[in-house]
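**Student:** What shape does this take:
(one chain, ligands or ions: 2)
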Amino acid sequence: MAVPLRQSARIGWYLFSNKVRRVQKFPLIVELEPLFACNLKCQGCGKIQQPHDLLRQRMPVERAVNAVLESGAPMVSIAGGEPLMHPQVDVIVGELVKRKKYVYLCTNAELVRKRWDKFNFKPSAYFSFAIHIDGLRERHDESVDKEGVFDEAVAAIKFLKEKGFRVTTNSTFFNTDTPQTVIDVLNFLNDEVEVDQMMISPAYAYEKAPDQDHFLGVTETRELFRKAFADGNRKRWRLNHSPLFLDFLEGKVDFECTAWGIPSYSLLGWQRPCYLMADGYTKTYKELIATTEWEKYGRGKDPRCNNCMAHCGYEPTAVLATMGSLKEGLRAMREQG
Ligand code: SF4
Ligand code: SF4
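**Tutor:** Ligands and ions are numbered 1, 2, ... in the order given. All right, here's what the predicted structure looks like:
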């Protein structure tokens, strides 16, 4: 089963209740960044190039929880930086789970086993680890610029599964990937490591990323995923995406960006317009929605969006399109349920 039934039903109800109340803009997932510091320096990362005093800061638990509650989102993805460098990230997770939010903790896994005893994480249907793995050993270690990270991530996945946690993965692909490298890593995660679910994304060309040469264009992205998804792979893999988003990745449909669906909250506030671009910040989600010119963003509207096919902009569009069509709704239930 791809998405646990209870989670699908809860999200379906959330979408339906916003529809009947005619709420125009509402969040599906909050991307919560309670710190910017990281223990790795990946070449494609645009998150860690921050001033030193900001890298030292950690978001207080109450502030993190209140931001999510104010937005009303049913799901939260905690990233950074590396969230396991936040000494109270387990408390943030616990408080959100207590409020029945579905929480994904995105980590490069280097600190899972090293710092395990400092934390008090508890398995829950509301909580999943999301381990960052971009490829098999050589590719992943090259992507994160450090040897041994792949082996530690795989060991951490086994460690967490043995402790009864739900474990998902998050893989970002670059133009150095081929359909075969995508197939290799997803087969490994799906069939050998047997993670619960996998998320995939073409890398976004962050302006601040040190390596600007390896980001995928839209045509390359579509070709990469079309070939990787062939021969029944897409159907067999436990991908944590809506069928329409996967259609979008392989170029079967095209969508407009819905950046307000997956907003980002960090030490700097609510980031305009999305997790990937920073055109200013607001104190509240309400203010973010009211004061952002959403129609200015997306491919063909802002040059910085032109190569973007990221989950944070286009998965909400796919989910809303699924909700708006009985045929697509039934297909999503069949393929994800
Ligand atoms: S991509 Fe993730 S793991 Fe890599 S440097 Fe950035 S925040 Fe750290
Ligand atoms: S297309 Fe949407 S998600 Fe992508 S960078 Fe632009 S605003 Fe952000």
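
**Student:** could you list every residue that touches T169?
**Tutor:** Applying CB atoms under 8 Å, 6 or more residues apart in numbering to T169 gives the contacts 130-133, 157, 189, 195, 197-199. Yep, even glycine has a C-beta here, placed from its N, CA and C like the rest.

**Student:** Just say helix, strand or coil for D141.
**Tutor:** helix (DSSP: H, G, I helix; E, B strand; the rest coil).

**Student:** Thought A153 was touching it, still the case?
**Tutor:** No - between D141 and A153 there is no contact under CB atoms under 8 Å: 9.9 Å.

**Student:** which of these two has more neighbours?
**Tutor:** A153 (24 against 18; other CB atoms under 10 Å).

**Student:** which residues sit in contact with C308?
**Tutor:** 204-205, 257, 276, 299.

**Student:** please redo it, this time with the cut-off set to 10 Å
**Tutor:** 202, 204-205, 215, 218, 221, 257, 259, 274, 276-277, 297-299, 302, 314 (CB atoms under 10 Å, 6 or more residues apart in numbering).

**Student:** before we move on, the earlier item: which one of the contacts of T169 is nearest V76?
**Tutor:** In terms of CB to CB, no member of the contacts of T169 lies closer to V76 than A130, at 11.3 Å.

**Student:** Now do the phi/psi pair for the residue in the stretch 101-250 of the chain positioned nearest to ligand 1.
**Tutor:** Taking CB to the nearest ligand atom as the measure, the point where the stretch 101-250 of the chain comes nearest ligand 1 is N108, at 3.9 Å. Dihedral pair for N108: phi -80, psi 0, per degrees, to the nearest 10.

**Student:** same question, R99
**Tutor:** Dihedral pair for R99: phi -90, psi 20, per degrees, to the nearest 10.

**Student:** what's near enough to touch it?
**Tutor:** Here R99 is in contact with 65, 68-69, 76, 126 (CB under 10 Å, 6+ apart).

**Student:** just the buried members of the residues you listed?
**Tutor:** Taking 16 or more other CB atoms under 10 Å as the criterion, what is buried in the contacts of R99 is 65, 68, 76, 126.
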